[in-house]
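Asks: sequence unknown, structure follows:
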């Protein structure tokens with residue numbers, strides 16, 4: 001088989017390349033984990049090769065990133081969007097009564113039928129989809145940013 005930019009590799013150079021690849025992946029994983037944990041962020045490199053935390057080499061103070069940003073997305077942005085969805089918004093008392101009556105049919109019931117609760121709950125839960133998708137998108141973008149910044153410097157020589 002062929003190596004990157006070279007002739008076929010023998011068993012010795014193949015294991016050397018495998019070891020080098022493992023080393024690069026280990027550095028990437030360590031950088032990624034340290035960014036999520038909020039440690040060692042001064043060693044990260046941005047897409048242009050510059051230090052991601054700025055020229056000071058430490059943790060940046062102008063914006064949240066890494067694990068702090070993910071935590072902020074969940075605790076502030078997602079929580080705020082969930083709280084803005086009222087549990088009874090879009091449901092009137094008449095709709096609740098009608099759903100219960102439809103579930104009972106011709107027989108009177110002492111308790112609220114489970115099917116009416118399921119119908120109403122599913123309808124209200126579907127309103128939580130948009131805030132959930134927004135949260136997923138924000139976290140995904142941050143993880144992509146962390147991934148790009150976590151690349152070891154040795155990877156810059158590969159296009």
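Replies: Structure received. Just so it is clear, the model here is predicted, and its values are computed rather than measured. Residues are numbered from 1 along each chain as shown.
Asks: now the residue sitting nearest the centre point of the chain: which helix or strand?
Replies: Centroid-nearest residue in the chain, with CA atoms, centre = their mean: residue 139, separated by 3.3 Å. Using DSSP states H and E, residue 139 maps to helix 129-149.
Asks: what's that helix packed up against?
Replies: helix 11-37, helix 67-72, helix 79-83 (3 or more CB pairs under 8 Å, 6 or more residues apart in numbering; DSSP states H and E). Every residue, glycine included, has its C-beta placed from N, CA and C.
Asks: list the contacts of the residue nearest to the centre of the chain.
Replies: Each residue near residue 139 by CB atoms under 8 Å, 6 or more residues apart in numbering is listed here: 70, 73, 74.
Asks: state the distance from it to residue 79.
Replies: 14 Å (CB to CB, to the nearest Å).
Asks: with residue 118 instead?
Replies: Distance of residue 118 to residue 79, given as CB to CB: 26 Å.
Asks: what of residue 156?
Replies: Taking CB to CB as the measure, residue 156 falls 39 Å from residue 79.
Asks: so where's this protein shaky on pLDDT?
Replies: Low-confidence segments of the chain, defined by pLDDT under 70: 1-12, 40-60, 158-159.
Asks: recalculate using a threshold of 80.
Replies: The chain contains residues with pLDDT under 80 at 1-15, 40-61, 108-112, 155-159.
Asks: about what we covered before: any idea which of the helices and strands packed on helix 129-149 is most buried?
Replies: A comparison of the helices and strands packed on helix 129-149 by mean neighbour count, using mean count of other CB atoms under 10 Å, puts helix 67-72 on top with a mean of 17.
Asks: other SSEs contacting that helix?
Replies: Counting by 3+ CB pairs under 8 Å, 6+ apart, helix 67-72 packs on helix 11-37, helix 129-149.
Asks: residue 108 belongs to a helix?
Replies: No - counting by DSSP: H, G, I helix; E, B strand; the rest coil, residue 108 is not part of a helix but coil.
Asks: report how many residues lie close to it.
Replies: Residue 108: 7 surrounding residues under other CB atoms under 10 Å.
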